[in-house]
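Enquirer: let me see the structure of the following:
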Amino acid sequence: MPYEWSETRRHLTLWPHRSLPRGGFVVVIAVTFVLIMIPLFAVLGTMLLWGLLPFGLGAVAALWYGLRLSYRSGEIVETLEITPETTALRRRNPDGSEQGWDCNTYWARAEMHRTGGPVPWYVTLTGNGRTVEIGSFLSEDERRALYGELASELAAQRATDGGGAAT
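Expert: Numbering: from 1, shown residues only. Got it, this is the predicted structure:
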């Protein structure tokens with residue numbers, strides 16, 4: 001799964017799934033280039049080659065750009081730190097900016113929204129007067145599993161706190 005708890009189960013790191021590793025990027029571009037160039041051997045030495053070549057190279061360039069854009073959007077990393085006192089969520093966006101959310105663990109709640117969110121089975125954390133999303137880039141099954149794990153970890157940390165902290 002594209003998320004993992006640390007050994008102490010108090011720290012969670014989430015990231016988008018990457019179906020094409022970086023090494024595969026080179027292979028896909030090279031194979032696409034070769035396959036687009038094969039039909040052009042029939043028109044080698046004619047003026048038609050110069051008419052078709054820009055379209056073949058444009059297709060390879062568009063594929064390159066699309067894959068690079070996909071890799072950039074996959075640079076999202078969310079980290080969740082749960083202690084008996086505080087719960088903190090940090091998100092690093094593809095542009096390098098960071099977002100944060102903090103809450104007293106006693107008041108933090110994980111919520112599952114089957115419909116009505118940007119994706120089905122949408123998971124949010126609520127507390128400190130705010131609701132924030134977590135793991136929206138995960139698959140439906142992964143979000144369902146994440147919700148169960150988050151709810152149980154928050155409940156365990158609240159139990160460790162001894163019944164609630166005053167704020």
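Enquirer: what is the strand or helix carrying Ala145 packed up against?
Expert: With elements taken from DSSP states H and E, the one containing Ala145 is helix 140-161. In this structure, helix 140-161 packs against strand 3-5, strand 11-14, strand 77-82, strand 109-113, strand 122-127, with contacts taken as 3 or more Cβ pairs under 8 Å, 6 or more residues apart in numbering; DSSP states H and E. In short, each C-beta sits where N, CA and C put it, glycine included.
Enquirer: tell me which of those strands sits nearest to Val31.
Expert: Proximity to Val31 (Cβ to Cβ) singles out strand 77-82 among these, at 30.3 Å.
Enquirer: straight-line length of stretch 100-108, end to end?
Expert: Stretch 100-108 has an end-to-end distance of 14 Å (criterion: Cα to Cα, to the nearest Å).
Enquirer: and for that stretch, what's in contact with it?
Expert: Around stretch 100-108, the neighbours that count as contacts under Cβ atoms under 8 Å, 6 or more residues apart in numbering are 82-91, 125-128, 130, 132, 154, 157-158, 161, 164-165, 167.
Enquirer: now the helices and strands packed on helix 140-161 as CSV including mean neighbour count?
Expert: As requested, the helices and strands packed on helix 140-161 are arranged in CSV below (neighbours: other Cβ atoms under 10 Å):
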stretch, mean neighbour count
strand 3-5, 14
strand 11-14, 18
strand 77-82, 19
strand 109-113, 17
strand 122-127, 20
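Enquirer: in JSON lines: the ones you listed, plus distance to Arg143 and mean pLDDT.
Expert: Supplementary listing: the helices and strands packed on helix 140-161 in JSON lines, determined by distance: least, Cβ to Cβ, whole Å; pLDDT from 0 to 100:
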{"stretch": "strand 3-5", "distance to Arg143": "10", "mean pLDDT": "82"}
{"stretch": "strand 11-14", "distance to Arg143": "10", "mean pLDDT": "90"}
{"stretch": "strand 77-82", "distance to Arg143": "13", "mean pLDDT": "93"}
{"stretch": "strand 109-113", "distance to Arg143": "8", "mean pLDDT": "93"}
{"stretch": "strand 122-127", "distance to Arg143": "5", "mean pLDDT": "93"}
